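Participant: one predicted model, sequence on top.
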Amino acid sequence: MAESDHEPLSLLEQRMYTTGQVSRILGVDASTLRRWRRGTPVEGPGFVRISERVAKYPESDLEAYLEARHIKPVA
């Protein structure tokens, strides 16, 4: 079965990234991610608000965020 034929993983089954991990992956300061989460409208990758001070980023949301910004030049 091809990878795309699999059901998407639930949030409980996915790897969850911290703000610090996502800031390193995206190459932005952690304060930028916090500002994006507080903004109206909310910006950046999707996240799960665990508490007032803790947010986790599901792998699928991070992947979707990057894929939406992936520019593929025409050969």
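Facilitator: Looks like it arrived, so ask away.
Participant: and the helices in the protein?
Facilitator: 19-26, 30-38, 59-68 (DSSP state H).
Participant: now the longest one against helix 19-26, angle please.
Facilitator: Inter-element angle recorded for helix 59-68 and helix 19-26: 30 degrees (by axes from the mean of the first three to the mean of the last three CA atoms, to 10 degrees).
Participant: quick revisit: TSV please, covering the helices of the chain and showing distance to Leu9, mean pLDDT and mean neighbour count.
Facilitator: All C-beta spots, glycine's among them, are computed from the backbone N, C-alpha and C. Below are these laid out as TSV (distance: least, CB to CB, whole Å; pLDDT from 0 to 100; neighbours: other CB atoms under 10 Å):
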stretch	distance to Leu9	mean pLDDT	mean neighbour count
helix 19-26	18	97	16
helix 30-38	22	96	14
helix 59-68	7	96	14
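Participant: out of those, nearest to Val48?
Facilitator: With CB to CB as the criterion, Val48 lies closest to helix 59-68 of these, at 8.6 Å.
Participant: just checking, what packs against that closest one?
Facilitator: In terms of contacts (3 or more CB pairs under 8 Å, 6 or more residues apart in numbering; DSSP states H and E), helix 59-68 is packed against strand 16-17.
Participant: pairing partners for the strand it packs on, with directions?
Facilitator: Taking DSSP bridges as the criterion, strand 16-17 sits next to strand 55-58 (antiparallel) in its sheet.
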